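Chemist: Just a sequence and a predicted model for now, questions to come.
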Number of protein chains: 2
Amino acid sequence: MKKGRITIPTDESFVEGTKKIAALWGADAVRDCDGTELPKNVKKLAEKVYNTYFIVRGDNEWAEKHPEETHRTFLMSARNLAEGDTLQINPMQGYFALQIQPDWENTAYWEVYDRTSGERHADWEWNEKSGRVLVKNARPMHEYTVNFMAKVVWHPVQIYNYLTNNWTCEKQKMYDPAFPHTALYIKRHMEEWCCEHPETDVVRFTTFLYQFMLVFNEKGKEKYVDWFGYGLSTSPAMLEAFAKEYGYALCSEDFVRAGNYNSPFRNPDKKFRDWTDFVQRKVSGTVRELVDIVHFHGKEAMMFLGDDWIGAEPYGKHFKDMDLDAVVGSVGGGVTVRMLSEIPHVKYREGRLLPYFFPDTFFAGNEENAVAELNKNWMTARRALLRKPLDRLGFGGYLSLAAKFPQFVARAGEICEEFRTIAETAGKAKPYCGLTVAVLNAWGSLRSWQSHMVAHELWYQQIYSYQGILEALSGLAVNVQFLSFDDVLQKGIEKDIDVIINVGDGGTAYSGGEYWADEKLVEKLRAWVREGHGFLGVGEPTAYAKEGRYFRLADVLGVDKELGFTLGEDKYNIEKQAHFITADVKGEIDYGEGMKNVYALDGAQVLDITFSDRFRRSVNVGEVKLAANDYGKGRGVYIAGLPYSAQNARLLYRAMFWAAHKEEAMFTMFSSDPDTECSYYPETGMCAVVNNGSEKKATVLTDGKGNRTELALQGGELIWRKVER
Amino acid sequence: MKKGRITIPTDESFVEGTKKIAALWGADAVRDCDGTELPKNVKKLAEKVYNTYFIVRGDNEWAEKHPEETHRTFLMSARNLAEGDTLQINPMQGYFALQIQPDWENTAYWEVYDRTSGERHADWEWNEKSGRVLVKNARPMHEYTVNFMAKVVWHPVQIYNYLTNNWTCEKQKMYDPAFPHTALYIKRHMEEWCCEHPETDVVRFTTFLYQFMLVFNEKGKEKYVDWFGYGLSTSPAMLEAFAKEYGYALCSEDFVRAGNYNSPFRNPDKKFRDWTDFVQRKVSGTVRELVDIVHFHGKEAMMFLGDDWIGAEPYGKHFKDMDLDAVVGSVGGGVTVRMLSEIPHVKYREGRLLPYFFPDTFFAGNEENAVAELNKNWMTARRALLRKPLDRLGFGGYLSLAAKFPQFVARAGEICEEFRTIAETAGKAKPYCGLTVAVLNAWGSLRSWQSHMVAHELWYQQIYSYQGILEALSGLAVNVQFLSFDDVLQKGIEKDIDVIINVGDGGTAYSGGEYWADEKLVEKLRAWVREGHGFLGVGEPTAYAKEGRYFRLADVLGVDKELGFTLGEDKYNIEKQAHFITADVKGEIDYGEGMKNVYALDGAQVLDITFSDRFRRSVNVGEVKLAANDYGKGRGVYIAGLPYSAQNARLLYRAMFWAAHKEEAMFTMFSSDPDTECSYYPETGMCAVVNNGSEKKATVLTDGKGNRTELALQGGELIWRKVER
């Protein structure tokens, strides 16, 4: 058994057990977790010791000394209906008083809005004693809200752990390094901490400066969550520094947005882009000073991409300025692997596998489920690791809990070993990619592998049909880029891109909404496709109602969505056709939430269409779910939605090669069974063939030169083959 | 057996058969049909003789003498992509040359549009010889269309019959009475015709002046249909007269609308309203002159509400000016019964039952289906007749075909008899109504009982979930009004209205689209509901994205639709509750196409919510299908969609009484089984109880005063009861 590339949690009460498991899994590093302490003599347990570090919480004494330097957020009150010409609003209604306190000292930042007319309302006053805002000269039957600045007096992720895991430790307050005292304090503290922790090799920054947006309701339950939310970065210190630097001030509504809080589903405007750039520079600058201290003490600095990561966007312009050594994050599947494994400007990237060793999974009798969760996590992650591996894997939680499940421990050991093989093979040689594919949305490369997320890795009914595209891409033999509309408008489309994918609901930043009003964007994409490229739309791609069409590139996609205004137009193109794209499909295709009311234009090829049982199958009925369309020398493909599954990944793979007019290239290295996939590394001549399913599969590996190899793979198996060419 | 109120078709080859069936059904009138001739001595067959009459077709000699006076329409060419800076467009591409000819004499009316930018394009020329339009100075990668004026050289409904029923008669051309020669001709022809048809009692105007929009494609199949379309009324004579009278000219795009052709699903703008008003006045004026001639000859004038009815809208301001005696139309169910039976300013209204006696239904071996279609038609129509009866029923087609189906003949006879009882009872006494309900949309009373229709009576996947509301209303014990947004804005809401219903897809004229931007509308409705009224929304009611909400009256309805921008907001209101509204529901409620992504606001009562099998049932998942909400002294109800069924009609009935806070009133006369309904006529003390289902039902009739009557009804049965009060 080999050793290395594995991090395991430990704590002072589980030293001997740690040694055993470290040996079994080949772990070379140990870590503590939020809520545990490292054992003494931890150095003897592994080559490397990670220690969690919190910049902006953990020292309540400091927090209490400088309550004015706590974090702030702009929140919108509940909507209150004016019945007469005045009304009282309690901003705290629906908020958690242990987390949030109205900042009565900073009411200069507060605003009142008429949410019926959309106008800012000037005539109001506040009363700190009653905790109420009095709106005067209101218009009856209009709804009013107060945008108020609030102090954040308990760290949101700690609240979550507190309430979820029944913690009883002290409630950690917060302090924002944008304020002068805390700015000095955090450096001093870092210095002292490094001196006090000689055993630490890696400072694992569990928090940087700003937590993602996470707000609780009056019952202490989650009320609002946005993993990308910059909402907790808006202290007066930050706002003033911004105004000074940018020459204009932001107001509460620039953050509140009528309750949409600059959701990543909104197209970002210039103000928000300015703010995020500003925060990124502030965070990078501040963190850099701490990293320099860490480095001075001979330690490495590792960022946890999870909680207080706002402003430290790994694909942002200022990320490199932090001079980090490493990044670690949770692995939810292929998408999060790629999100982590492609992060630039660090020496290594670590992924923490699921399940977390917490009592919610590791309770007596639940071993089978724990193993199943581990296998599922591994099977989706592995596809992505074969394309672009992480450097390390880790685990989190209480190792003593995992140790009670021997099958789990054994399976984890196998996975660690398989991971090392992948990391060492795929880490050294680039895998063959038949195509270069770009995902086009408002965010582009800044949010590489991060589209459609709300709460980190959580499954939402509205997004899984689109996230499936990314999950499929994470393990397919194609290069993947992320392109923004601004990129296309300003720089055009790079030569090497074969296929552009636009995926999402109409009006969102992922589909593009208002961007599609711009005829320059439409022109560029049409011209590019006609030259011989592929455009693949999923859901409501290019949606922007104009001039009788809803999909602006309906002509490219070969489909449009019926909004009711063209019901009078007869739709005859309803015959399903066999096609290269659907050649491997067995049974029904799973479109997830699908899309309603999409119909094919004349000339498009309908590859799948569903008919309601209510209707006689005839003209004007049926909803097109999959279509292909020739457009000049190029091609368009439409898919209603595509949750991740082996079959859907294969369908997407074929759709991209077809769209790019490169069907032949798909067979350069191809494993016939759709449950299997192969990754080929030309530099070393190695090829990994995996079975992503749980059942035994027979597959034929072809190499595009007439060589066929018949293979049989057990469920979940990975086979390495040397390819003779 | 009684006699009267029934019209049957006849023709010269079926005189004896006509006599027999007339006796069996109690028919007192005979008619010819398009394509048949009345027998000689027809007067002996029945008390009244109807004769079809065509104003604007049937005399090809005249049409050929004045080809310049044919009807015109504005059509949009196919979308053509500019690859360079010029392109050729063939306007006729996709059109049927036997119906449509480009009007090269009137290219002054033609326009070219850039459908990518939305701009009118000035630089183009035409070539009649090549049949092409040359667009110059085009912008590459923009799509261009030609709006061209076309001559209509074959009557659209005749094309339909020709192609559907394999007619071989002469192709009928058209002539528009807006032109001077035809204006004189049609009066002369009417006069002559009346003189030549002394046997005719009723002139059945199968066409007035303008056919609804019906355009065929290059294969002779239907390409575009809009039963409300004014598109065939746009001859130069009409356009010039309009410009003179209104002081401004309309252009082609005012009719073409980027291919949407002023679909009734669009909110009408002032130009279109001006045009429809103009056409209505023109049609009324012209038809009145013919009706005067008819009356002078001692005959009655009857309008067929079906084909060339454009400009003769029965609920329009100018309808009364035609001085018609009667209207006849096809009965597709309860909605079309009410559409006909409530038409004002005529002496009587006749409904033509289905099936039509055509070979597509009346072929050997299909008797059972023919009877089933008749029964289904009757069962839905009867509910509406009990609320507001027609004066007469009729049949159409070839009576000789029906005569071959003895069971059909027998069943039709029973229906004729049941109809006479209804017409005589419900025609004399107003039925009890527990509520007054108004359907609110952009069209209001002008399009009473006509919302959501595309092709007359045809079933579209996008509309049946909304039309179900009207179909249910047509037979429920409530007064039904139709209210426009302009009515509410200009006149307010009339005192007697208890419940307002807004039903349709967002952005359409039925939901309201841009109307909801108007805060005055929002204010008025909120105030009105708070006073103690009910607001019921179906589908995407009050939809207009603004200030963080999609449903402008989300606060009233208790629900909103997730567009993606508030995915970060946790939705906890997912527990289904028992309720007055759902008290009679058995099994699953059928919401038709339903509505996705609707969630309940805090405080609303979730009455039904669906969870996908893919998700663990928890916060943030589930789609609300039915909700109830208290709002001040009033109430809101949301329904995702509601196709017509007995159960859904009952659900709607309960929802309306609940919304109006008048639950008690529902029991004033109530039949407990949801498959049954009752209509009570207080003036006569009679009560009709019907079983709308096909199975035997036991029901309890209660009168709100403690009296209970147990009844058993056979499938489809109607029982008359005298009520003691």
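Modeler: Now that the structure is in, tell me what you want to look at.
Chemist: The stretch 251-400 of chain A against chain B: which residues are in contact?
Modeler: Within the stretch 251-400 of chain A, the positions lying close to chain B (CB under 8 Å from any CB of the partner chain) are A:R257, A:A258, A:G259, A:N260, A:Y261, A:S263, A:F265, A:R266. Any C-beta I mention is one placed from the backbone N, CA and C, and that applies to glycine too.
Chemist: As TSV, those with pLDDT and secondary structure would be great.
Modeler: Rendered in TSV, the data for those read as follows (pLDDT from 0 to 100; DSSP: H, G, I helix; E, B strand; the rest coil):
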residue	pLDDT	secondary structure
A:R257	98	helix
A:A258	98	helix
A:G259	97	helix
A:N260	97	coil
A:Y261	97	coil
A:S263	97	coil
A:F265	98	coil
A:R266	97	coil
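Chemist: Can you give me the neighbour number for A:C169?
Modeler: Number of residues near A:C169 (other CB atoms under 10 Å in any protein chain shown) recorded here: 9.
Chemist: OK, contacts around it?
Modeler: Contact partners of A:C169, counting by CB atoms under 8 Å, 6 or more residues apart in numbering or on different chains, are A:G35, A:Y162.
Chemist: Look up how far chain B lies from the residue lying closest to A:F278 once chain neighbours are set aside.
Modeler: Spatial nearest neighbour of A:F278, excluding adjacent residues (CB to CB, 6 or more residues apart in numbering or on different chains): A:F242 at 5.1 Å. From A:F242 across to chain B, the span is 23 Å (CB to the nearest CB, to the nearest Å).
Chemist: Could you check the helix or strand encompassing A:F242 and say which residues are buried?
Modeler: When secondary structure is defined by DSSP states H and E, A:F242 falls within helix A:236-246. Using 16 or more other CB atoms under 10 Å in any protein chain shown as the test for burial, helix A:236-246 gives A:P236, A:A237, A:M238, A:L239, A:F242.
Chemist: Report the closest residue of the stretch 401-550 of chain A relative to chain B.
Modeler: A:G548 (3.4 Å; CB to the nearest CB).
Chemist: What's the local residue count around A:V49?
Modeler: Around A:V49 there are 23 residues (other CB under 10 Å).
Chemist: Pairing partners for it in the sheet, please.
Modeler: With DSSP bridges applied, A:V49 shows beta-bridge pairing to A:V30.
Chemist: That one contacts A:P39, doesn't it?
Modeler: No: A:V49 is beyond contact range of A:P39, at 10.1 Å (criterion: CB atoms under 8 Å).
Chemist: which residues sit in contact with A:K221?
Modeler: By CB under 8 Å, 6+ apart, the contact list for A:K221 reads A:L163, B:D570, B:Y572.
Chemist: Quick check: residues of the stretch 451-600 of chain A near chain B?
Modeler: Among all residues of the stretch 451-600 of chain A, those adjacent to chain B (criterion: CB under 8 Å from any CB) are A:454-455, A:459-464, A:504-505, A:507-508, A:519, A:522-524, A:526-527, A:530, A:545-549, A:555, A:562-570, A:572, A:593, A:596-597.
Chemist: Okay, and which of those map to strands?
Modeler: Mapping those onto strands (DSSP state E) picks out A:G504, A:A545, A:K546, A:R549.
Chemist: now that we have the residues you listed, which one has the most neighbours?
Modeler: Neighbours here mean other CB under 10 Å. Within these, the largest count is held by A:G504, at 29 neighbours.
Chemist: Please report how far that one lies from A:F265.
Modeler: 8 Å (CB to CB, to the nearest Å).
Chemist: Check A:E547 too.
Modeler: Look at A:E547 and A:F265: by CB to CB, they are 25 Å apart.
Chemist: between these two, which one's more packed in?
Modeler: The neighbour comparison of A:E547 against A:F265 (other CB under 10 Å) goes to A:F265, with 29 against 19.
Chemist: show me what contacts the residue of the stretch 401-550 of chain A closest to chain B?
Modeler: A:F565, A:T566, B:R115, B:R257, B:A258, B:G259, B:N260.
Chemist: before we move on, back to that, how about the residues of the stretch 251-400 of chain A next to chain B in a markdown table, adding distance to A:L305?
Modeler: Conversion of those to a markdown table gives the following (distance: CB to CB, whole Å):
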| residue | distance to A:L305 |
| --- | --- |
| A:R257 | 25 |
| A:A258 | 30 |
| A:G259 | 27 |
| A:N260 | 25 |
| A:Y261 | 21 |
| A:S263 | 20 |
| A:F265 | 21 |
| A:R266 | 23 |
